[in-house]
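Colleague: okay, here's the prediction I keep looking at, along with the sequence it came from:
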Amino acid sequence: MKVGPLTVVAIAVAAGGLGVLASLFVSGPGPLLGTEAGQRLYADTLSATAPSPPDGVSAARRGDTVAPFDLAGLDGERLQVPRAYAGRPVLVNLWASWCGPCIEEMPELDRFAGEQDDNGVQVLGIALDDEDAVRAFLQRVPVDYAIALDAPGPADAGVRLGNPRGVLPYTVLLSPGGRLLKQRIGPFAHGEIDDWVAD
């Protein structure tokens, strides 16, 4: 059987794509995560392989308006995301006190939040963690941006914000109207947030 050049190219492209996906699962995303295209591919791959959320839970995808959900603020007040932050963009970071990369990026998130003016990007941290552990952690590593709490699970804030696999840290940028504009799997290095938000 004779194979044409287009068939060879199609097989090579398919094999290359499968190789990229296999490397993501075997050795992690590496430098690919540092690019917007890599982030999109990784997020799409994780979503495609994740179980469906429970009935009544909507997992947002890039471009979707996030369905409202309630959380407890660390101050005890209830807040509804994204409505509590309507009118300005909001960067939402999901983290846990036991997550090393989450802890490493918190000073960068705090720096970014502190540089925003009254019209700038709001920052919300959502801890998928035990309240006592979060309070103890924040005594050691205080931040000035708002912190909310949620229990990890198949209907947690991360799932609702497009992270059905629960990878931490996970960050999204929401528009003033609550539309999911960007997703970031993994921590930010120093200075990356500013460029990521601006792009």
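Modeller: Right, received. Where do you want to start?
Colleague: which stretches of the protein form strands?
Modeller: Counting by DSSP state E, residue ranges of the strands within the chain are 69-73, 78-81, 90-95, 122-128, 146-150, 170-174, 180-185.
Colleague: include mean pLDDT and distance to Met106 when you put those into a markdown table, please.
Modeller: C-beta here means a position set from N, CA and C on the backbone, and glycine is covered the same way. Compiled in a markdown table, these are given as follows (pLDDT from 0 to 100; distance: least, CB to CB, whole Å):
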| stretch | mean pLDDT | distance to Met106 |
| --- | --- | --- |
| strand 69-73 | 95 | 17 |
| strand 78-81 | 95 | 19 |
| strand 90-95 | 98 | 7 |
| strand 122-128 | 97 | 8 |
| strand 146-150 | 97 | 10 |
| strand 170-174 | 97 | 12 |
| strand 180-185 | 95 | 14 |
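Colleague: reformat these as a markdown table; add distance to Ala198 and mean neighbour count.
Modeller: Shown next, in a markdown table, are those (distance: least, CB to CB, whole Å; neighbours: other CB atoms under 10 Å):
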| stretch | distance to Ala198 | mean neighbour count |
| --- | --- | --- |
| strand 69-73 | 27 | 16 |
| strand 78-81 | 23 | 16 |
| strand 90-95 | 12 | 25 |
| strand 122-128 | 15 | 24 |
| strand 146-150 | 22 | 20 |
| strand 170-174 | 10 | 24 |
| strand 180-185 | 11 | 19 |
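Colleague: indicate which one of these is closest to Gln116.
Modeller: With CB to CB as the measure, strand 122-128 is the member of those nearest Gln116 (7.2 Å).
Colleague: how big is the angle separating that closest one from strand 69-73?
Modeller: Compare the direction of strand 122-128 with that of strand 69-73 by axes from the mean of the first three to the mean of the last three CA atoms, to 10 degrees and you get 90 degrees.
Colleague: before we move on, the earlier item: need the strands of the chain in TSV (columns: distance to Ala136).
Modeller: Supplementary listing: the strands of the chain in TSV, determined by distance: least, CB to CB, whole Å:
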stretch	distance to Ala136
strand 69-73	17
strand 78-81	22
strand 90-95	14
strand 122-128	12
strand 146-150	13
strand 170-174	22
strand 180-185	26
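Colleague: nearest to Ala60, out of these?
Modeller: For Ala60, the closest of those is strand 180-185, at 4.7 Å, according to CB to CB.
Colleague: now for that closest one, which elements pack on it?
Modeller: When contacts are defined as 3 or more CB pairs under 8 Å, 6 or more residues apart in numbering; DSSP states H and E, strand 180-185 packs onto helix 36-48, strand 170-174.
Colleague: again, only using 6 Å
Modeller: With contacts taken as 3 or more CB pairs under 6 Å, 6 or more residues apart in numbering; DSSP states H and E, strand 180-185 sits against strand 170-174.
Colleague: distance from the strand it packs on to the middle of the chain?
Modeller: 5 Å (CA atoms, centre = their mean, to the nearest Å).
Colleague: so where's the chain shaky on pLDDT?
Modeller: Counting by pLDDT under 70, the low-confidence segments of the chain come to 1-51, 53-54.
Colleague: go again with 80.
Modeller: For the chain, residues meeting the criterion pLDDT under 80 lie at 1-54.
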